[in-house]
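Chemist: Return a 3D structure for these sequence lines:
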Amino acid sequence: MAQCLLAAGANDLGGTLINESISTSAGPVRPAGGPQSCNRLIRDAGRIPAQRDTLYGIVHTYSDGEVPESPLDKIEDAEARFGSYRRLIASGEFRFTRG
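Modeler: Numbering: from 1, shown residues only. Below is the predicted model of the structure:
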């Protein structure tokens, strides 16, 4: 589906959230399978993968065969380390109350 979106004009396959709790609470674990498979998918669609900053400036353009490293890929149990979105919304600890 991502390749179809690229062919239709999309130019951003998604940002990275610190622990991706919002995306994972919606269902998928890693929509594109992580940075390496995401870069392969982009190249297979005839595009050049690149990392951009929040203002869409190019931070890094990946050469063919370059394997991107993400510190998040090295974390064994993200939910244990960062918590989960589902657990956060079930907790009353951070819920707004008037008063």
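Chemist: all strands of the chain, in order?
Modeler: 50-52, 58-61 (DSSP state E).
Chemist: Reformat these into TSV and put distance to Arg98 next to each item.
Modeler: (Each C-beta comes from the backbone N, C-alpha and C, glycine too.) Output for the strands of the chain, formatted as TSV (distance: least, Cβ to Cβ, whole Å):
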stretch	distance to Arg98
strand 50-52	40
strand 58-61	43
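Chemist: Figure out which of these is closest to Leu6.
Modeler: For those, proximity to Leu6 was assessed by Cβ to Cβ; strand 50-52 is nearest, at 12.7 Å.
Chemist: just to revisit the earlier point, among the strands of the chain, which is the most enclosed?
Modeler: Ranked by mean neighbour count, the strands of the chain are led by strand 50-52 with a mean of 14 (mean count of other Cβ atoms under 10 Å).
Chemist: tell me the mean pLDDT over that one?
Modeler: Strand 50-52 carries an average pLDDT of 87.
Chemist: lowest average confidence, helix or strand, in the chain?
Modeler: helix 21-25 (a mean of 56; mean pLDDT, DSSP states H and E).
Chemist: okay, and for the chain, where does confidence drop off?
Modeler: 14-34, 72-73, 99 (pLDDT under 70).
Chemist: any idea where the helices of it begin and end?
Modeler: Assigned by DSSP state H, the helices in the chain fall at 2-7, 21-25, 35-44, 78-82, 85-90.
Chemist: so what's the spatially closest residue to Arg47 that is not a sequence neighbour up against?
Modeler: Sequence neighbours aside, Leu6 is the residue nearest to Arg47 in space, at 5.7 Å (criterion: Cβ to Cβ, 6 or more residues apart in numbering). Applying Cβ atoms under 8 Å, 6 or more residues apart in numbering, one finds that Leu6 lies in contact with Leu13, Ile42, Ala45, Arg47.
Chemist: for those residues, which one is nearest Gln36?
Modeler: For the contacts of Leu6, the nearest to Gln36 is Ile42 (11.0 Å; Cβ to Cβ).
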